[in-house]
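Colleague: I need the structure of the sequence given here:
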Amino acid sequence: AALSGTVVKGYLNRAVVWRDSNSNGRFDWTDANRDGVVQESEVSGDDFVYTDSSGRFTGLKGQGAVYVFGGTDDLGTGERFAGLLSAPSSSAGGSLVVTPLTTLIQSYSTSQAFQAVLAAQSGASSLTDEQKLALAATKIRDALGLPGTVDAKDLLGTDPIQVALDSDPSTDSAEALRIYAKAAQVANLLVTATAAVVQARGDAGSSAAPNAALADVNAASVSAATVAIDSLVGSLGSKIASGATVDLGSSAFLGQVFTEVSTKLTASGKSLSSVGSVSDLASAVANVNSYFGNIAESADTTRVALTALVQTEYIVQNDLTSEGILKGSFQAAQFANASLDARFDEAISVVGPIAAPQTGQRRAPGKPVLVDPAPEGASSAIEYLNATEMRTANIRVASSLADTGAQAGDTVRFYLSGEGSVQ
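Modeller: Purely as a prediction, here's the structure:
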């Protein structure tokens, strides 16, 4: 039967959702015109659909695990998601949820580490696929330090944002916030590691433009995302085997993950050091993730907590990856101490007020575009101003607000080098 469901990494709009019908871990297509870009007529073997503006999808045919690539988090960060998500095909009957945590469960449940767990468990041979999946989910839950009250259904079939906003603040809401916080931490790590692999391989230029949807699902991008997932699951697997709990805000554990990434890159003749050191990359992600510490417990309201979580995702997707790693300008010092504190203060004015999708939902504004100083009506756009242009008397800056639900009285701020703002 065809599947329907929701992609929750924020709520991704125009993401490609496909089923790996032949279990080869790839999105199958034939580049008939040899332009390196996936087109609908070139897809063969795997079934796919797109998510709508609320992150929902319907009518996904085929069989096998469900994968998601690309899409834009319109209701949260406003940023394109340059990563890979997945969910087990048996995690729900006709509807499912795809999140960073279902991605871990899907990958771990098919890993050698989990097969070793099954081999060592009495009676494992009689477990059904559903029971094996629930066991894998429980192992991931325990490794991430989530409470025992969180069960497999909570991780595999529940939208934590919806639950957090709709539930009793003293019970289910707090638990859902913890689940989403862990999911966001995982996403931050995977997005950063994926970008590092893309940059180290020299594949940054192959990435399609934002919202290119199907064109995003090229072999290089999916391969880089797979390296990131496998590195995290490999590091988690060793912790699970020893019964340890991991801290996704710890540079020590994240250092193990980036060491795995480095090893995989070295085996393919590439070097992570061309992007940054293992310790610098681990520290940058750890510092951002550590802000999660008590957000869920200390925020005044659920919405404030969710917005604060989205701030960290924005800083990773925009500052750390898009404007840092993928442009060859990653600097660890920008993600530590006072520099990071200041950036968090700025980001609150950038991210959208995340909420369960509803009609009329307001969204995050488009990234500002610097417009080359020229006579009125000029349309050429540039990303950076050089020293000569900075000495020009007038510089025009434009930002698309077409899809944000802008209202009279709203304030638009443009931050200049992270120092102050113009509004």
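
Colleague: so A87 versus V304, what's the distance?
Modeller: In this structure, A87 and V304 are 29 Å apart, going by C-beta to C-beta, to the nearest Å. Any C-beta I mention is one placed from the backbone N, CA and C, and that applies to glycine too.

Colleague: for the stretch 1-150 of the chain, which spans come out with low pLDDT?
Modeller: Residue ranges of the stretch 1-150 of the chain with pLDDT under 70: 1, 25, 35-37, 90-95.

Colleague: all strands for it, in order.
Modeller: 3-7, 12-13, 16-19, 47-50, 56-60, 66-69, 72-73, 84-87, 95-98 (DSSP state E, counting those that start in this stretch).

Colleague: related to what we said a few turns ago, comparing A87 and V304, which shows the higher neighbour count?
Modeller: Between A87 and V304, counted using other C-beta atoms under 10 Å, the more crowded position is A87 (26 against 13).

Colleague: L118 is nearest to which of the strands of the stretch 1-150 of the chain?
Modeller: strand 84-87 (20.1 Å; C-beta to C-beta).

Colleague: now for that closest one, which elements pack on it?
Modeller: When contacts are defined as 3 or more C-beta pairs under 8 Å, 6 or more residues apart in numbering; DSSP states H and E, strand 84-87 sits against strand 66-69, strand 95-98, helix 100-109, helix 219-242.

Colleague: so for A143, which of those sits nearest?
Modeller: helix 219-242 (5.0 Å).

Colleague: would you mark the buried spots in that closest one?
Modeller: By 16 or more other C-beta atoms under 10 Å, the buried positions in helix 219-242 come out as 220-237, 239-240.

Colleague: gap between the spatially most central residue of the chain and L248?
Modeller: By C-alpha atoms, centre = their mean, the mean C-alpha position of the chain lies nearest to A187, the distance being 4.0 Å. A187 is 10 Å from L248, where distance means C-beta to C-beta.

Colleague: likewise Q311?
Modeller: 16 Å.

Colleague: likewise for T6?
Modeller: From T6 across to L248, the span is 23 Å (C-beta to C-beta).

Colleague: also K132?
Modeller: In terms of C-beta to C-beta, K132 sits 25 Å off from L248.

Colleague: deepest of the strands of the stretch 1-150 of the chain, which one?
Modeller: Comparing the strands of the stretch 1-150 of the chain by mean neighbour count (mean count of other C-beta atoms under 10 Å), strand 12-13 ranks first with a mean of 29.

Colleague: so what are the sheet partners of that strand and their directions?
Modeller: strand 72-73 (antiparallel) (DSSP bridges).

Colleague: what's the helix or strand for Y314?
Modeller: Remark: Y314 resides in helix 302-314, with elements defined by DSSP states H and E.

Colleague: report the distance from that helix to the chain centre.
Modeller: Here helix 302-314 is found 14 Å from its chain centre; the criterion is C-alpha atoms, centre = their mean, to the nearest Å.

Colleague: restricting to C-alpha, output that helix in CSV.
Modeller: Presented in CSV, the C-alpha positions along helix 302-314 are these (Å, rounded to 0.1, in the frame of the first residue of the first chain):
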residue,chain,number,x,y,z
THR,A,302,7.0,25.4,24.6
ARG,A,303,7.2,27.8,21.7
VAL,A,304,10.1,29.7,23.2
ALA,A,305,12.0,26.3,23.7
LEU,A,306,11.3,25.3,20.1
THR,A,307,12.4,28.6,18.7
ALA,A,308,15.6,28.4,20.7
LEU,A,309,16.3,25.0,19.3
VAL,A,310,15.8,26.3,15.8
GLN,A,311,18.4,29.0,16.5
THR,A,312,21.0,26.3,17.0
GLU,A,313,20.0,24.6,13.7
TYR,A,314,20.2,27.9,11.8
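
Colleague: any buried residues in that helix, and which?
Modeller: 302, 305-314.

Colleague: the residues you listed: which two are farthest apart?
Modeller: Applying C-beta to C-beta across the buried residues of helix 302-314, the maximum distance is between T302 and Y314, 18.8 Å.

Colleague: which one is V233 nearest to, not counting chain neighbours?
Modeller: Distance criterion C-beta to C-beta, 6 or more residues apart in numbering; nearest residue to V233, sequence neighbours excluded, is S107 at 4.5 Å.
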